[in-house]
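>>> okay, predicted coordinates and the sequence, questions at the end:
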Amino acid sequence: MSKLITIFGATGNQGGSVINSILTDPQLSNEFKIRGVTRDATKKSAQDLANRGVELVTVKIPSHLPKVADLNSIDSLTAAIKGSDTVFLVTNYWEILDPNVEYAQGKNVADICKALGVSHLIFSSLSDVQKGSKGLLTHLPHFDSKVRVEGYIRDSGIGCSFILAGYYMSNFKKELKRAEDGSYQVSFPVGKHAKFPLFDAAQDTGLFVKAILKHAGELKNKQILAATTYYTPEEIVEIISRVSGKKTAFIQISNEQYMAPLPPGVGQELVETHLCLEDPGYYLGEPLEPSLNLLDSKPTPFERFVENNFSTWE
């Protein structure tokens with residue numbers, strides 16, 4: 001009899017990738033039935049999942065917390081998780097910009113998984129950069145809240161694993177700017193030796209979660225680092241130039257220059273997100289090879305991502 005896996009964020013980049021990877025894997029598609037948690041089961045992306053055999057659970061948006069799905073509602077979470085052997089949880093700090101809400105969401109899911117006897121909770125987490133930087137980088141709430149959730153899950157005693165998503169390749173759609181002469185520029189508040197662990201979340205989250213499911217015993221209570229490889233800024237712009245045929249340059253700018261066009265309240269956070277690429281490192285200096293060696297296939301290289309997406313960036 002198939003086990004049930006419940007996947008939060010079913011129509012998002014990470015959750016959608018996990019669902020697609022399980023459905024297209026001969027072993028896991030027989031091992032698991034899929035329940036997808038979504039806000040709106042009537043939208044096309046949700047209906048496409050239903051047509052592929054995914055059970056959809058619709059969550060409502062409470063009026064006291066607009067734009068936040070009811071990860072805060074114990075009753076709705078219990079209904080969504082009931083009967084599950086495995087749960088994949090992704091939370092979205094950028095939607096709420098409140099680390100305490102994100103922590104409460106993760107805590108609620110962990111508590112219910114524990115109460116319902118879920119065997120394996122897979123959480124999309126991040127590195128403890130504040131600790132790794134010895135307190136120098138202190139404005140990273142989207143890291144810190146996920147680290148707190150991970151700690152709570154570990155302390156709960158539930159079987160758990162953690163996928164740590166790398167630096168989204170899709171970020172370059174916003175970072176790539178056209179210069180006056182028609183060429184392109186990528187500007188960051190870091191030097192040429194910074195290491196970007198690039199990751200195609202929409203394509204490859206499922207690839208790494210598949211590894212967790214297939215190596216569940218080996219990866220219980222452990223992390224898997226989800227990135228293709230480490231790229232320097234100069235390697236990034238060389239790839240964009242070569243693949244697109246558009247001359248692209250990397251420009252190091254000051255923290256203040258990078259923050260200037262950003263909305264109030266997030267500038268320092270995004271600056272420190274990039275500063276951590278230099279020291280202590282996005283993954284605190286950890287190599288990617290132990291995680292990559294567990295995969296069924298290679299993750300998306302940045303070259304292929306640029307080939308597939310550059311036309312939408314212009």
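Received it, and whenever you're ready, just let me know what you need.
>>> please tell me I have it right and Leu4 contacts Glu31.
No: taking contacts as Cβ atoms under 8 Å, Leu4 lies outside contact range of Glu31: 10.5 Å. Every residue, glycine included, has its C-beta placed from N, CA and C.
>>> please pick out the residue of this structure most distant from its centre.
Distance from the centre of the chain peaks at Asp181, with 35.4 Å (Cα atoms, centre = their mean).
>>> can you tell me the SS state at that residue?
coil (DSSP: H, G, I helix; E, B strand; the rest coil).
>>> and the strands in the stretch 51-200 of the chain?
55-58, 86-89, 120-125, 160-165, 167-168, 176-178, 184-188, 196-199 (DSSP state E, counting those that start in this stretch).
>>> what does the shortest one contact?
Read it as strand 167-168. 196-201, 227, 277, 282 (Cβ atoms under 8 Å, 6 or more residues apart in numbering).
>>> still on that earlier bit, would you reformat the strands of the stretch 51-200 of the chain as JSON lines and include mean pLDDT?
Listed next are the strands of the stretch 51-200 of the chain as JSON lines, based on pLDDT from 0 to 100:
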{"stretch": "strand 55-58", "mean pLDDT": "92"}
{"stretch": "strand 86-89", "mean pLDDT": "98"}
{"stretch": "strand 120-125", "mean pLDDT": "98"}
{"stretch": "strand 160-165", "mean pLDDT": "98"}
{"stretch": "strand 167-168", "mean pLDDT": "98"}
{"stretch": "strand 176-178", "mean pLDDT": "91"}
{"stretch": "strand 184-188", "mean pLDDT": "96"}
{"stretch": "strand 196-199", "mean pLDDT": "98"}
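>>> Phe208: which of the ones you listed is closest?
Proximity to Phe208 (Cβ to Cβ) singles out strand 160-165 among the strands of the stretch 51-200 of the chain, at 5.4 Å.
>>> quick one: pLDDT of the residue farthest from the centre of the chain?
On the pLDDT scale, Asp181 is placed at 90.
>>> okay, it and Lys173: tell me how far apart.
Distance of Asp181 to Lys173, given as Cβ to Cβ, to the nearest Å: 21 Å.
>>> could you list which residues are in contact with Ala110?
By Cβ under 8 Å, 6+ apart, the neighbours of Ala110 are 121, 149, 152-153, 156, 158.
>>> Leu277 - that's part of a helix, no?
No: Leu277: not assigned to a helix; according to three-state DSSP it is coil.
>>> can you give me the distance of it to Val271?
For Leu277, the distance to Val271 - Cβ to Cβ - is 11 Å.
>>> how far out from the middle of the chain is the helix ranked longest in the chain?
Assignment by DSSP state H gives helix 99-116 as the longest helix of the chain. Centroid displacement of helix 99-116 relative to its chain, using Cα atoms, centre = their mean, to the nearest Å, is 18 Å.
>>> how about it as PDB, C-alpha atoms only?
Extracted C-alpha coordinates of helix 99-116, given in PDB (Å, rounded to 0.1, in the frame of the first residue of the first chain):
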ATOM      1  CA  PRO A  99      10.300  36.000  11.400                       C
ATOM      2  CA  ASN A 100       8.100  35.300  14.400                       C
ATOM      3  CA  VAL A 101       5.200  34.400  12.100                       C
ATOM      4  CA  GLU A 102       7.400  32.100  10.000                       C
ATOM      5  CA  TYR A 103       8.700  30.500  13.200                       C
ATOM      6  CA  ALA A 104       5.100  30.000  14.500                       C
ATOM      7  CA  GLN A 105       4.100  28.400  11.200                       C
ATOM      8  CA  GLY A 106       7.000  25.900  11.300                       C
ATOM      9  CA  LYS A 107       6.400  25.100  14.900                       C
ATOM     10  CA  ASN A 108       2.700  24.500  14.300                       C
ATOM     11  CA  VAL A 109       3.500  22.000  11.500                       C
ATOM     12  CA  ALA A 110       6.100  20.300  13.600                       C
ATOM     13  CA  ASP A 111       3.800  19.900  16.600                       C
ATOM     14  CA  ILE A 112       1.000  18.400  14.500                       C
ATOM     15  CA  CYS A 113       3.400  16.100  12.700                       C
ATOM     16  CA  LYS A 114       4.600  14.900  16.100                       C
ATOM     17  CA  ALA A 115       1.000  14.400  17.400                       C
ATOM     18  CA  LEU A 116      -0.200  12.600  14.300                       C
END
